[in-house]
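Participant: no sequence for this one, just the structure:
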Ligand code: GLC
């Protein structure tokens, strides 16, 4: 018999810390140099020791891997490189047995061009699945129907000689866009969600949610007046008519209604939009959409106290009633935190990520301070880099294998890894950091332990205290519990005069003695204090 879950159970994701696994690079169990599901299962104890609550696994579905799994050829299967459905069920059971939730990656904007649906769609203009994808006639000059540009460069349209029309692809031509205006496609994709929910998954991260619906009239996008070629060709036009259309919201709301039908499930939307438009993806009280529209602002934020304090305040103020915040420092598409900020500031950034109000997501490897790895030209895998080389847009550097120990293959593989292992893996690896109380791993464990020990850190209000020079200070408050977080964002020592006495430092980002009376912060130091 079904039992009604309490709000705390239903909203487990509010106090949770999420962890993103890029499955090709987490743990290989069969020596083919590519991570797999059995590998993830073998490493769950690392995640439990770290103290995270849920994992999100990037796509594991059958795929030709033109975009490393973001080109799905079967939405309800498992790619043999990653294992089998039985391996998936075993992983899910093993995660649940440890109290970990598991989220999958739903890729609704496009399928692979190898998906049987697309084979049917391109077979003829009158195929019943023709309209499951987006087909348009050529412009009068025979060129593409409009000026839309793929996110990976080049026109967002591919000519199909056999049927004499173009199809739309927001990414690679191997990733044809699905037509969400078609009710049968829509129903088939909603069934995909049900398939995995029925198997017990705890939710989804939804790929490029804001891309899913295009303007019905396919009008040209405006030219971007600020475009510079080094930005990547996609930025030559503004994606005004190819993304973020009003019709997407009813679709997101339908996904949420399905998720809610299963109880205590989480939907996260991948959405790169300015804050006011991002907020629309929370939906309304009557038609809620995703619980967490990803907030990527910290990835590129200017690293000074005033800018950060303003960004936090504006984001908090923009949240709709009941909207829960979330924060991210990196993912499989963006430079790593330790590369952007340097090793010392990456520790401060971790303290920021894990003490702001809202659900944080940790990108695999960031907990040991992994940096971006230079990939020699002959080892490049990412289509983003191959299509527009040399602009620094490639994502291989942030997708290198997780270094587990100092043995050959870094404990990741007994074979040849699909991407080079980071050059510092013999010293920067999980085993080496495991025993080192000064390590980034130890800091992450301490931060996550504090989030459990102090409900104010996980669920409390955010109160800005100071933002001057290199000092960013804020409180988290819940009931009578108050914590003060003071971050030195710079490389000079700083004195912080606490607004009131009686604070007690309980954790520093740096090893060594904690300050007691006057708060003297070392360069690149962050402190958490009780008040
Ligand atoms: C998302 C994914 C990215 C992928 C793209 C196309 O942005 O995060 O890795 O290439 O969508 O699916």
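Facilitator: Arrived safely. Since we're looking at a predicted model, the values are computed, not measured. Residues are numbered from 1 along each chain as shown.
Participant: Buried residues, the helix or strand in which residue 456 is found. List them.
Facilitator: Residue 456 is part of helix 455-459 when elements are defined by DSSP states H and E. By 16 or more other CB atoms under 10 Å, the buried positions in helix 455-459 come out as 456, 457, 458, 459. The way it works is simple: take the backbone N, C-alpha and C, and place the C-beta from them, glycine included.
Participant: Low-confidence bits of the stretch 1-150 of the chain, can you list those?
Facilitator: Scanning the stretch 1-150 of the chain for pLDDT under 70 picks out 1-5, 7.
Participant: Which positions in it make contact with the ligand?
Facilitator: Residues of the stretch 1-150 of the chain found near the ligand (CB under 6 Å from any ligand atom) are 67, 70, 107.
Participant: Quick check: of these, which lies closest to the ligand?
Facilitator: Nearest to the ligand out of these is residue 70 (CB to the nearest ligand atom; 3.3 Å).
Participant: The stretch 1-150 of the chain: helices as residue ranges?
Facilitator: 7-10, 12-15, 37-42, 44-50, 85-97, 116-123 (DSSP state H, counting those that start in this stretch).
Participant: now the stretch 401-531 of the chain
Facilitator: 430-434, 440-453, 455-459.
Participant: Buried residues of the first one, list them for me.
Facilitator: Across helix 430-434, burial judged by 16+ other CB under 10 Å covers 430, 432, 433, 434.
Participant: where's the first one relative to residue 423, distance?
Facilitator: I take that to be residue 430. According to CB to CB, to the nearest Å, residue 430 stands 17 Å off from residue 423.
Participant: So what does residue 510 have for phi and psi?
Facilitator: With angles defined as degrees, to the nearest 10, residue 510 sits at phi -100, psi 150.
Participant: tell me the pLDDT at it?
Facilitator: pLDDT recorded at residue 510 is 95.
Participant: re the thing from before, and which of the buried residues of helix 430-434 is nearest to the ligand?
Facilitator: Taking CB to the nearest ligand atom as the measure, residue 430 is the one of those closest to the ligand, at 24.5 Å.
Participant: was I right about that closest one contacting residue 406?
Facilitator: No - counting by CB atoms under 8 Å, residue 430 stays clear of residue 406, with 10.2 Å between them.
Participant: picking that back up, let me have the buried residues of helix 455-459 in a markdown table, extended by distance to residue 419 and pLDDT.
Facilitator: Formatted as a markdown table, the buried residues of helix 455-459 follow (distance: CB to CB, whole Å; pLDDT from 0 to 100):
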| residue | distance to residue 419 | pLDDT |
| --- | --- | --- |
| 456 | 41 | 98 |
| 457 | 35 | 98 |
| 458 | 35 | 97 |
| 459 | 38 | 97 |
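Participant: what about the residue lying closest to residue 426 once chain neighbours are set aside, distance to residue 386?
Facilitator: In space, and not counting its chain neighbours, residue 426 is closest to residue 406: 4.8 Å by CB to CB, 6 or more residues apart in numbering. As judged by CB to CB, residue 406 and residue 386 stand 32 Å apart.
Participant: Who are the contact partners of the residue lying closest to residue 280 once chain neighbours are set aside?
Facilitator: Closest residue to residue 280 in three dimensions, ignoring its sequence neighbours and counting by CB to CB, 6+ apart: residue 249, at 6.6 Å. Neighbour list for residue 249: 280, 281, 283, 287, 289 [criterion: CB atoms under 8 Å, 6 or more residues apart in numbering].
Participant: Kindly indicate which of those residues lies nearest the ligand.
Facilitator: Distances from the ligand to the contacts of residue 249, taken by CB to the nearest ligand atom, are shortest for residue 281, at 15.1 Å.
Participant: Surely the closest one forms part of a helix?
Facilitator: Yes - under DSSP: H, G, I helix; E, B strand; the rest coil, residue 281 sits within a helix.
Participant: can you count the residues close to it?
Facilitator: 25 (other CB atoms under 10 Å).
Participant: Touching, it and residue 255? I think so.
Facilitator: No - the criterion here is CB under 8 Å, and residue 281 misses it with residue 255 at 11.0 Å.
Participant: Give me the common contacts of those two.
Facilitator: Counting by CB under 8 Å, 6+ apart, the common neighbours of residue 281 and residue 255 are 289, 290.
Participant: what's the helix or strand for residue 350?
Facilitator: Judged by DSSP H and E, residue 350 forms part of helix 343-353.
Participant: Spatially nearest residue to the most centrally placed residue in the chain (excluding sequence neighbours)?
Facilitator: What sits nearest the mean C-alpha location of the chain, by CA atoms, centre = their mean, is residue 331, with 5.0 Å. Nearest residue to residue 331, sequence neighbours excluded (CB to CB, 6+ apart): residue 363, at 5.4 Å.
Participant: Mind listing the residues bridging to the one you found?
Facilitator: Under the criterion DSSP bridges, residue 363 forms beta bridges with residue 20.
Participant: residues in contact with it?
Facilitator: The neighbours of residue 363, taking CB under 8 Å, 6+ apart as the test, are 20, 328, 329, 330, 331, 332, 336, 337, 398.
Participant: Write out the residues of this protein neighbouring the ligand.
Facilitator: Within the chain, the positions lying close to the ligand (CB under 6 Å from any ligand atom) are 67, 70, 107, 171, 207, 208, 270, 332, 333.
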